[in-house]
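Enquirer: Task: produce atomic coordinates for the following.
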Amino acid sequence: MDWMGLKDTIYPTSLHRVAAQATVYSLWWERNNRLHNSVSTPVASTFKKIDRLVRNIITARRD
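Expert: Numbering: from 1, shown residues only. Okay, here's the model as predicted:
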């Protein structure tokens, strides 16, 4: 995760962390769902879930 240490003037570090955490959580959830329930979701759906998680976190922090 070298990209997290890079200086970025456009996006704050907190956004990088939120995106990384949402990605790890979604991949972990998908892995467990496949192992324990034998159900897999399409990749596009996983990306949509990550996008929604990040947007919800940003919106919640803004208020």
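
Enquirer: Going by contacts, tell me the helices and strands next to the host helix or strand of residue 52.
Expert: Using DSSP states H and E, residue 52 falls within helix 43-62. Helix 43-62 sits against helix 13-37, with contacts defined as 3 or more C-beta pairs under 8 Å, 6 or more residues apart in numbering; DSSP states H and E. For every residue, glycine as well, the C-beta is placed using N, CA and C.

Enquirer: okay, the angle between the helix it packs on and helix 43-62?
Expert: 140 degrees (axes from the mean of the first three to the mean of the last three C-alpha atoms, to 10 degrees).

Enquirer: What is the neighbour count of residue 58?
Expert: 13 (other C-beta atoms under 10 Å).

Enquirer: Residue ranges in the chain under the pLDDT threshold?
Expert: 1-9, 11, 63 (pLDDT under 70).

Enquirer: So which residue of it lies furthest out from the middle?
Expert: Distance from the C-alpha centroid of the chain peaks at residue 38, with 22.2 Å (C-alpha atoms, centre = their mean).

Enquirer: Could you report the separation of it from residue 27?
Expert: Going from residue 38 to residue 27 by C-beta to C-beta, to the nearest Å gives 17 Å.

Enquirer: do the same with residue 40
Expert: Using C-beta to C-beta, one obtains 12 Å as the distance from residue 40 to residue 27.

Enquirer: What of residue 12?
Expert: Noted for residue 12: a distance of 23 Å to residue 27, by C-beta to C-beta.

Enquirer: Repeat that for residue 54.
Expert: Counting by C-beta to C-beta - residue 54 and residue 27 are separated by 14 Å.
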